[in-house]
Every structure is written in C-alpha cells, then in structure tokens.
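K.L.:
Predicted model follows, preceded by the sequence.
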Amino acid sequence: MSSYASTLDEFDPLLGATSPNAPDYLDEEDVADEAAADESQSEVAADDSRDGASEDSSRSAVAVQVPSAVSEGLNASIQQALDAELPDDSAAPGEIITACEQRINAAQVLSDAMEKRAREAYFHYAGPAVRQVNRTEAWRHIEDPTTKKPYRSWSAWQRGNGISRQQAYRMVNEQPLVEALGLSYGDLGVRQVDVLTPVLKNHPARLAELWRTAEEAGDTSAVSLLKIRDALGLSPTTADGQDGDDETSDSKVPVLKFQATPGAFDPARVDEATKASPAVARLIADRIYATLQAMEA
C-alpha cells in the first residue's frame, strides 16, 4: 500500500478514523452511537466465546482419525500390536517394556510405510516436472532470488526449489527405470541406475530382459548387470551418444578418458572430469573393475 493510501486509511473519517483537524468532542448522538456499538461488540464476543466452547466440545467428542496398518496395506499383526492395550503402571517392568516396545516398533513400521507412500506420491507428481526442466534447460532462464541473476547451474536451481541432489538424480534417472521395471523408488542404487539408464535410452524394449536375466542369475548388483549388459550386446556405443549421461549433468560436460600413457597422467584433470560427469566416471570404474576381476579369475 502506498503512503498516500495509508494516510487515507488513518485519517479519512469515512473509513472510521479521526482526521487530525477534527474536534476532540462528541455530541450526544455520537455518545449514544458509540455505546450501542460497544454493546453490540460485547454481544458478538459473547456469542463467539460460546461458539468456540461448543466447537472445542465437539472436537473433543470426535475421535482423532489416524492412519491404520490396514489402510497402508500392512500385515494384520501390525494393527494388532497398535491396538493392544498397554499394561497398568503397576505391572511388572518386563511386561511393561515388552508391550511398549511392541507398540513402538509397530508404530515405526506404520510410519515407514506412510513415508514410503508419501515419497512415491512426491516422485510421481514432481518427477516429470523435474525431468522436463532438466531436459529443456528452462532453469537457465529463471532468476535466482539470491543473486538476482539467471541460475548459474542445474544444482543451484534444485536448491532454490527445495530439491536435493539425490532426489533430482533419482527423478531424472531412477524414476523412469523403476516405473519401467515395476520396482519402487529406492530399490536401485546409483551404480545400478548408471548401468541401466543407457539401456532404457537406447534399447528400451530389452530393459526388462536385462533385469530378468540378472534376477534369474540371483545377482542384480551393478557389476552383475554390467556383465549381463555386455553379454546381451546392450552396452552403449559412440553412436548411442555415450551413456545418456546428458540428463544427469548441466550439458556438454567433458568426457572422462582413461589416461594410461606414462608421464601423461594428470590426476587433477581426472578429478575435474569426474566431478563434471560422475555417472560416466562410475560406469568406467565399474567396467575397469569388472575387467580386472575377469583377468584375475
């Protein structure tokens, strides 16, 4: 509100305030009007007080509705532990602690289930939006409120919108995978995501085949997935555009190369490239590790 409007609010008699030039006395009609207004306000206050007391009474009469183990799809035994009566304070200490710990553990199971469902809902709705912002790089055209300039990085935009780096990584990379494989958020580790992401991008119809083969072998670790991916001929190639890592970085990051020439190895350059493209670095490290294991076998 402008200072002019504020002045009107404070001094305009039509708005119920007193002008600085107004006389400081009231006639009999003014006194009567003010008395009537005070009496009316007292009656309203009394009514509000009665209404508030009535609402408080109604609220106390209605039981608090809380989620149940059944509504979260948990085992009936969890609900039984939640509903079980706690022993009297005069009971033996062993009986008290046993009953209380059972209740606490059951409540924790329920809480974990609720948090998982809430997280899945958050990823379900926010994930597509985060991927679109990343894919289109629209974040480059938004002003960072802390600097009053366009966001300087993808991670800065994440922080500005309350999204952690881990959440953004999973939304951009893990979420499409878990939805394609019928898994839950958090089921895949970062290295598993790095191995599977290029397959989803370049060979989406064979992603399920890769995962099923690993499950049948009894090992879905990143190293196992990498070996099976290579055996099935699903490894990314130069024609595929590296590993699809463009979705996990700010774009046009340097490619990490393995430097083996004596005297040419520069740890600082490797560190720089690794930080710029961690997903590619992990894939290369996994590949080197798998090769060394095969050589030593």
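P.N.:
Sure thing, it's come through.
K.L.:
got the contact list for the closest residue to residue 163 other than its chain neighbours?
P.N.:
Spatial nearest neighbour of residue 163, chain neighbours left out: residue 130 (6.6 Å); criterion: C-beta to C-beta, 6 or more residues apart in numbering. C-beta coordinates here come from the backbone N, C-alpha and C atoms, glycine included. Neighbour list for residue 130: 163, 168, 171-172 [criterion: C-beta atoms under 8 Å, 6 or more residues apart in numbering].
K.L.:
continuing past the helix or strand harbouring residue 130, what's the next helix or strand?
P.N.:
Secondary structure from DSSP states H and E places residue 130 in helix 93-136. Sequence-wise, the next helix or strand downstream of helix 93-136 (DSSP H and E) is strand 143-144.
K.L.:
what lines up beside that next one in the sheet?
P.N.:
strand 149-150 (antiparallel) (DSSP bridges).
K.L.:
And the contacts of the partner strand?
P.N.:
Outside of strand 149-150, the residues within contact range by C-beta under 8 Å, 6+ apart are 140-144.
K.L.:
again with stretch 175-183
P.N.:
123, 127, 131, 184-185, 187-188, 193, 196-197, 200, 204, 207-208, 211.
K.L.:
ok, of these, which one's closest to residue 110?
P.N.:
Nearest to residue 110 among those, counting by C-beta to C-beta, is residue 184 at 17.3 Å.
K.L.:
I'd like to know how many residues surround the residue nearest to the closest one when sequence neighbours are not counted.
P.N.:
Once flanking residues are discounted, residue 184 sits nearest to residue 178: 6.3 Å by C-beta to C-beta, 6+ apart. Counted with other C-beta atoms under 10 Å, the neighbours of residue 178 add up to 19.
K.L.:
Mind listing what's buried along the helix or strand containing residue 178?
P.N.:
If you go by DSSP H and E, residue 178 is part of helix 175-181. The neighbour-count check on helix 175-181 (16 or more other C-beta atoms under 10 Å) flags 175-178, 181 as buried.
K.L.:
out of the contacts of strand 149-150, which are buried?
P.N.:
By neighbour count, with 16+ other C-beta under 10 Å, the contacts of strand 149-150 hold residue 144 as buried.
K.L.:
mind putting the contacts of residue 130 in JSON lines, distance to residue 79 and secondary structure included?
P.N.:
Formatted as JSON lines, these follow (distance: C-beta to C-beta, whole Å; DSSP: H, G, I helix; E, B strand; the rest coil):
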{"residue": "163", "distance to residue 79": "35", "secondary structure": "coil"}
{"residue": "168", "distance to residue 79": "36", "secondary structure": "helix"}
{"residue": "171", "distance to residue 79": "33", "secondary structure": "helix"}
{"residue": "172", "distance to residue 79": "38", "secondary structure": "helix"}
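K.L.:
In a markdown table, list these along with pLDDT and neighbour count.
P.N.:
Shown next, in a markdown table, are these (pLDDT from 0 to 100; neighbours: other C-beta atoms under 10 Å):
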| residue | pLDDT | neighbour count |
| --- | --- | --- |
| 163 | 92 | 17 |
| 168 | 88 | 23 |
| 171 | 87 | 23 |
| 172 | 87 | 20 |
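K.L.:
if we take the residues you listed, which one ends up nearest to residue 109?
P.N.:
Looking across those and measuring by C-beta to C-beta, the closest to residue 109 is residue 171, at 26.6 Å.
K.L.:
still on that earlier bit, min pLDDT across the contacts of stretch 175-183, which one?
P.N.:
The member of those with the lowest pLDDT is residue 185, at 76.
K.L.:
element containing that one, please.
P.N.:
Applying DSSP H and E, one finds residue 185 in no helix or strand.
K.L.:
Quick check: phi and psi at it.
P.N.:
Dihedral angles phi and psi of residue 185 (degrees, to the nearest 10) take the values phi -60, psi 130.
K.L.:
Look up the closest residue to it, ignoring the ones flanking it.
P.N.:
According to C-beta to C-beta, 6+ apart, the nearest residue to residue 185 is residue 123 (5.2 Å).
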